[in-house]
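Undergrad: Just to be clear, the model below is a prediction. Sequence and coordinates:
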Amino acid sequence: MKIIETAGDMQVVAEQARLKGKKISFVPTMGYLHEGHLSLVRMARKLGDLLVVSIFVNPSQFAPHEDFETYPRNFQRDFDMVEKEGVDILFTPKPDDIYPEGYQTYVNLEKLPNHLCGISRPAFFRGVATVVTKLFNIVKPHTAVFGKKDYQQFLVIRRMVFDLNMDIDIVGGETIREPDGLAMSSRNAYLTASQRKSGLSLNQALLAAQKAVESGITDASQIIRETKDFIDSHPETQIDYVTICDPETLEEIHVINRPALMALAVKVGSTRLIDNMILNKK
């Protein structure tokens, strides 16, 4: 596995690969990898000839009060994990390479960020869209793979690629969970043992909502109310949002008469967890 640290070097290697007719697949990450990331890497391995994984903790998607400085990092652990998966290139740029002095260009979407996480984290999706655009221009992939645990992020990137006529296939990977049902996340490392038990309430609430829909309940407000009561009953939980919405537009749905996205964001202690599930009457 080759490590590339600068945008210029990565662009040269990517262009050479394209000239040779190789298909580039790409998995962008912020590091501190887990099985969820590795599932995306395995998908990407099958979709291209040259597999690139990036590790970059993107400062532009963190608000000043958020955890940029304390975000978990362990490069050697990440290196060992992706090397075992047959990754060809590990791209590890520095912040001043991605955002050089005087940087002033950002990518904004008009509608999708105005829902879910975008309400409490107003700068987040501008940062995500900007850094992903830059990474796409540097790595020059034919295909890029993103996890659907960050469902809104997946939609934002897919919409951005469509709107800006980027010639890149965006592929979504399903949420990977711990054996106890907790959605895998780098931030799970922040949780104490007791907080982790409370964190399980997110997945438990989603499963209960799916059972409710299967039993014939179609009133979204009832399911949301019961979900909030259930999560609130667990120690150290503070709900950011519980929403049932359209899986494409993220507009709220009041009657569940078609597949609907249920999305949750909850602080457990000081750790913000997100999870989601498509509710379907089956």
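TA: All right, it came through fine. Model, not experiment: these values are computed from the prediction. Residues are numbered from 1 along each chain as shown.
Undergrad: how about the strands of the stretch 1-150 of the chain, start to end?
TA: Per DSSP state E, counting those that start in this stretch, the stretch 1-150 of the chain carries strands over the ranges 2-4, 24-29, 50-55, 89-91, 143-147.
Undergrad: what residues does the second one touch?
TA: In other words, strand 24-29. 14, 17-18, 37, 40-41, 44-45, 47-56, 131-132, 135-136, 139-146 (C-beta atoms under 8 Å, 6 or more residues apart in numbering). Any C-beta I mention is one placed from the backbone N, CA and C, and that applies to glycine too.
Undergrad: cool, and stretch 83-102?
TA: The contact list for stretch 83-102, computed with C-beta under 8 Å, 6+ apart, reads 1-7, 10, 13, 38, 41-42, 45, 50-56, 58-60, 75, 78-79, 82, 131, 134, 138-139.
Undergrad: now swap in stretch 48-56 and tell me
TA: Counting by C-beta under 8 Å, 6+ apart, 10, 14, 17, 22-31, 41, 44-45, 75, 78, 82, 86-93, 95, 98, 131, 135, 139, 141-143 sit against stretch 48-56.
Undergrad: in it, what counts as buried?
TA: Across stretch 48-56, burial judged by 16 or more other C-beta atoms under 10 Å covers 48, 50-56.
Undergrad: ok, back up a step: could you export the strands of the stretch 1-150 of the chain as a markdown table, including distance to residue 264?
TA: Listed next are the strands of the stretch 1-150 of the chain as a markdown table, based on distance: least, C-beta to C-beta, whole Å:
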| stretch | distance to residue 264 |
| --- | --- |
| strand 2-4 | 37 |
| strand 24-29 | 23 |
| strand 50-55 | 27 |
| strand 89-91 | 32 |
| strand 143-147 | 16 |
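Undergrad: Just the buried residues from the contacts of stretch 83-102, in ChimeraX please.
TA: Selection of the buried residues among the contacts of stretch 83-102 in ChimeraX, burial being defined by 16+ other C-beta under 10 Å:
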select :4,7,10,13,38,41,45,50,51,52,53,54,55,56,58,60,78,79,82,131,134,138,139
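Undergrad: before we move on, back to that, of the buried residues of stretch 48-56, which pair is most distant in space?
TA: Using C-beta to C-beta, the two most remote members of those are 48 and 56, lying 19.8 Å apart.
Undergrad: Point to the residue nearest the middle of this protein.
TA: The residue lying closest to the centre of the chain (C-alpha atoms, centre = their mean) is residue 150, at 3.4 Å.
Undergrad: That one against residue 274, yeah?
TA: Yes. Residue 150 lies in contact with residue 274 (C-beta atoms under 8 Å); the separation is 7.1 Å.
Undergrad: Can you name the residues that contact residue 176?
TA: 34-36, 39, 147, 149, 183-184.
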